[in-house]
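Student: Could you look at this predicted model? Sequence included:
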Amino acid sequence: MSALDPQNVGELKWTRNFGVMAHIDAGKTTTTERILYYSGKSYKIGEVHDGDTVMDWMDQEQERGITITAAATTVSWKDHRLNIIDTPGHVDFTIEVERSLRVLDGAIAVFDGVNGVEPQTETVWRQADKYKVPRICFINKLDRVGADFVMSINSIKEKLQANPIPIQVPIGIEDSFVGVVDLIENKALIWDNSGLGDNFQITDIPEDMASEVEKIRLETVEKIVEFDDSLLERYLNGEVPTAEELRQALRKGTLSLKAFPVLCGAAFKNKGVQPLIDATIFYLPSPLDRPAIVGKDPEKEDKEIKCPTEFDEPTVALAFKIANDPFAGTLTYIRVYSGVVKVGDSMLNPRTEKRERIQKLVKMHANSRSELQLLRAGDLGAVIGLKFTATGDTLCDAKRPVVLERITFPEPVIAVAIEAKSSADQDKMMSGLEKLSKEDPSCRLRTDMETGQTLLSGMGELHLEILIDRLLREHKVQVNVGKPQVSYREALSAKAEGECTIDRMMAGDPQFAKVVLVIEPLPRGSGIQFVNGLGSAQVIAQPLLKAIESGFREAAEVGPIASYPLIDLRGTLKKVEMRDPQSTSEMAFKAASSLALRDAVKKAHVQLLEPIMKLELTSPDDFVGAVIGDLNSRRGKVHSMMSKAGGGQLIAAEAPLMTLFGYATDLRSISQGRASFSMEFKEYSPVPPKTRDEILNRLGRF
């Protein structure tokens, strides 16, 4: 039986599902392209700067030299099947990393050897922590001027609070970087500069490095043996562990998230990639090494259902990404957790309570695909033609309904008004925008209640630029776009109670419903929560309860100050009243719930919130004063400053997004083009009173 065509669950040990993640420009796609080449999946190496990479297949990716959408592929390496997802590094596309990590078993975190841990590295690392994803680290770009392997490892310890264990050290650095020392095997791997890095020599450690390597190896071995009690005991008794024993102990530490093996190389110069692929097999988990995913019964939320990685279990899969293909239609990427998904199967979507027929299954290789007859537990693939499934939905066997934890989507922080250039294109534009928002849940579409304008919201200026470019290229719609506007939010700062009684004729029938709600603020990032607080004294039918919750959530989309969505609040249902069954309807209870929330909001003190961005700036010493002065004028706060090894200062700061439009141009002007910055969303924070009045005045809400 081939390891790449498993017929039983035990053979899943030959499978690895992992992603490649990092800050923008750390070398993720370059590393992935080398993995494709050395594994035989590609006949040539694609380069980001040439715009001919396999994984960056979109026109926008190739033109800009960045990854925008997560691309999946499958390769073979030493009788193992590797399912790989290359993720974006730009903060505007963080949703792609979020949903990829939700379904992956492991990850390679790539670090720029010159800069170590960068802002977006911290973000993706936290996302991986959230889903408890084991990781290996790859310190890349050690051939560049200013590369520092020790600094990079120290930044992982300090900034990520992690336990990196180096299992390689570089031979040479910058332009003299030629290979690595494998501390597990205690051998040197040296690449020559001819060809594409296919060949490397395994030799003894260079004499001038021997004593230093011995010292580092001793520290590494002592850290590794701690993950295996019996190995530790034998080591303390003077026994020397074998390379295989060290690998097994380190694997144990990696899977338990207590250790993160560190490798190094220079992917662009084709050095260090083959040992990295080996490390994914040695240290990253197979689907069998991950704990069984736990879902909930859709009818009883407090009832948990375990979904083990077994082929003969009832089928459970998670839809983690939607893509629109111009030829195939809707592609729904799924991860199968239990059972087998076969062509012709009918699967239940518990959220919509509708069945989906599996018409066609495919394995993806970036934007190309090959047809399959089935996907087994532990597999990643895509289904063509699903009609009712959105990102984060569960697909399951109708005989055992189960809902897996949904993927959390970041809140958009910026919006533009958008309109079709001709009235004939209006419907086409709305259809294109709806497809894009279904594909990318971090972009939102809404109509401004005051002006009637269509507002497209996203994670940043680049995100909106890409969405509008895709609207033009993929959907052939010309649009007029307004200036970017900040997406504000509204939040409670006090508890309040509201009620509403509906007693009227609706659609010719008498309708009665009374709802009493208590609303209260929650800590930032908690989202909108709805709680049934009726207790056992009053039982309400499930459809009515769902209607009340739906009315509550819809009403929370429009706040009282400036019609921005309310965030971070909990609504508790305290009381309901109904009359005879003829006058009881879901529509009436939904309306009563919505109006009860609005009544409560009038009594609660509501604040206007603005998005605050976390900034990391690099500036030459000569311009630090000017850069900080400019930040202060933008209501910014400087948190720390640190001298860089090659000169200049690293400044950590934060500032409101509304003051940062056009900041890249202003910063270049202040520093004669020598300062640079990166930013990411940090939190929503109350707007100062003076600024709040200015915003409301500008919006015409006074």
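Tutor: Received it, and whenever you're ready, just let me know what you need.
Student: What is the neighbour count of the closest residue to E245 other than its chain neighbours?
Tutor: Leaving aside its chain neighbours, E245 sits nearest to L231 (5.8 Å; criterion: Cβ to Cβ, 6 or more residues apart in numbering). C-beta here means a position set from N, CA and C on the backbone, and glycine is covered the same way. Neighbour count of L231, defined by other Cβ atoms under 10 Å: 21.
Student: got it, and G508?
Tutor: 5.
Student: ditto for the one 4 residues further on
Tutor: By the measure other Cβ under 10 Å, the count of residues near F512 is 19.
Student: coming back round to it: how much space between the residue nearest to E245 and G238?
Tutor: 13 Å (Cβ to Cβ, to the nearest Å).
Student: Which residues lie in contact with K157 in this structure?
Tutor: 163-164 (Cβ atoms under 8 Å, 6 or more residues apart in numbering).
Student: can you rerun that using 7 Å?
Tutor: Counting by Cβ atoms under 7 Å, 6 or more residues apart in numbering, K157 touches P164.
Student: I'd like the next helix or strand past the host helix or strand of it.
Tutor: Element membership for K157, per DSSP states H and E: helix 149-160. Next helix or strand after helix 149-160 toward the C-terminus (DSSP H and E): strand 164-166.
Student: which residues of the stretch 551-700 of the chain fall in strands?
Tutor: 569-577, 606-619, 637-643, 649-656, 676-686 (DSSP state E, counting those that start in this stretch).
Student: will you turn those into a markdown table that also has mean pLDDT and distance to L455?
Tutor: A markdown table is the format used below for the strands of the stretch 551-700 of the chain (pLDDT from 0 to 100; distance: least, Cβ to Cβ, whole Å):
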| stretch | mean pLDDT | distance to L455 |
| --- | --- | --- |
| strand 569-577 | 91 | 22 |
| strand 606-619 | 89 | 15 |
| strand 637-643 | 90 | 29 |
| strand 649-656 | 90 | 20 |
| strand 676-686 | 84 | 18 |
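Student: Compute the distance between A249 and R234, please.
Tutor: On the measure of Cβ to Cβ, A249 and R234 end up 11 Å apart.
Student: More neighbours: which of the two?
Tutor: A direct count of neighbours by other Cβ under 10 Å for A249 and R234 places A249 higher, at 24 against 15.
Student: doesn't D228 make contact with the more buried one?
Tutor: Yes - the criterion here is Cβ atoms under 7 Å, and A249 meets it with D228 at 4.0 Å.
Student: Quickly list what's touching both of those two.
Tutor: Contacts common to A249 and D228, judged by Cβ under 7 Å, 6+ apart, are absent.
Student: and N17, what element?
Tutor: Judged by DSSP H and E, N17 forms part of strand 15-21.
Student: contacting residues around the one helix or strand the residue nearest to E245 maps to?
Tutor: Per DSSP H and E, L231 falls inside helix 229-236. For helix 229-236, contacts defined as Cβ under 7 Å, 6+ apart pick out 225-226, 241, 245, 249.
Student: distance between the very next helix or strand once past it and the chain's centre?
Tutor: Sequence-wise, the next helix or strand downstream of helix 229-236 (DSSP H and E) is helix 243-255. Offset of helix 243-255 from its chain centre (Cα atoms, centre = their mean, to the nearest Å): 28 Å.
Student: Name the residues that touch helix 243-255?
Tutor: Under Cβ under 7 Å, 6+ apart, the answer for helix 243-255 is 134, 165, 184-185, 221, 224-225, 227-228, 231, 259-261, 282-283, 285, 289.
Student: do that again at 8 Å, thanks
Tutor: With Cβ under 8 Å, 6+ apart as the criterion, helix 243-255 contacts 134-136, 165, 167, 184-186, 221, 224-228, 231, 241, 259-261, 282-285, 289.
Student: on that earlier part again, identify each buried residue in the helix holding L231, please.
Tutor: Within helix 229-236, the residues scored as buried using 16 or more other Cβ atoms under 10 Å are 231-232, 235.
Student: Could I get the average pLDDT for it?
Tutor: Throughout helix 229-236, pLDDT has a mean value of 92.
Student: Taking helix 243-255 as reference, get the angle to that helix.
Tutor: Our comparison of helix 229-236 with helix 243-255, counting by axes from the mean of the first three to the mean of the last three Cα atoms, to 10 degrees, yields an angle of 130 degrees.
Student: In PDB, could you pull the C-alpha coordinates for helix 229-236?
Tutor: The C-alpha trace of helix 229-236 is given here as PDB (Å, rounded to 0.1, in the frame of the first residue of the first chain):
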ATOM      1  CA  ASP A 229      11.800  11.500  31.100                       C
ATOM      2  CA  SER A 230      13.400   8.200  30.200                       C
ATOM      3  CA  LEU A 231      15.800   9.900  27.800                       C
ATOM      4  CA  LEU A 232      16.600  12.500  30.400                       C
ATOM      5  CA  GLU A 233      17.400   9.900  33.000                       C
ATOM      6  CA  ARG A 234      19.700   8.000  30.600                       C
ATOM      7  CA  TYR A 235      21.400  11.300  29.600                       C
ATOM      8  CA  LEU A 236      22.100  12.200  33.200                       C
END
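Student: coming back round to it: pull up the pairing partners for the strand holding N17, direction included.
Tutor: When pairing is defined by DSSP bridges, strand 15-21 lines up against strand 80-86 (parallel), strand 106-112 (parallel).
Student: any weak-confidence spans in this structure?
Tutor: The model of the chain has pLDDT under 70 over residues 1-10, 42-68, 89-92, 366-367, 449-451, 507, 537, 582-583, 645-646, 699-702.
Student: wait, E683 sits on P523?
Tutor: No - E683 lies out of contact with P523 (Cβ atoms under 8 Å); the separation is 10.7 Å.
Student: out of those two, which sits in the busier spot?
Tutor: More neighbours surround E683 than the other of E683 and P523, with 13 against 6 (other Cβ under 10 Å).
Student: which ones are touching the more buried one?
Tutor: By Cβ under 8 Å, 6+ apart, E683 lies in contact with 524-525, 611-612.
Student: show me where the stretch 351-500 of the chain has helices.
Tutor: Secondary structure of the stretch 351-500 of the chain (DSSP state H, counting those that start in this stretch): helices at 426-439, 461-475.
Student: got those as TSV, with mean neighbour count columns?
Tutor: TSV is the format used below for the helices of the stretch 351-500 of the chain (neighbours: other Cβ atoms under 10 Å):
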stretch	mean neighbour count
helix 426-439	17
helix 461-475	19
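Student: Can I get the strand holding N17 in PDB? Just the C-alpha atoms.
Tutor: Presented in PDB, the C-alpha positions along strand 15-21 are these (Å, rounded to 0.1, in the frame of the first residue of the first chain):
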ATOM      1  CA  THR A  15       0.200  13.100   6.000                       C
ATOM      2  CA  ARG A  16       1.200  16.700   7.000                       C
ATOM      3  CA  ASN A  17      -1.200  19.600   6.700                       C
ATOM      4  CA  PHE A  18       0.700  22.800   7.300                       C
ATOM      5  CA  GLY A  19       0.900  26.500   6.400                       C
ATOM      6  CA  VAL A  20       3.700  28.900   5.700                       C
ATOM      7  CA  MET A  21       3.200  32.200   7.700                       C
END
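Student: Name the residues that touch it?
Tutor: 6, 28-29, 31-32, 70, 80-87, 89, 97, 100-101, 103-110, 124, 128, 280-281, 284-287, 335, 378-380.
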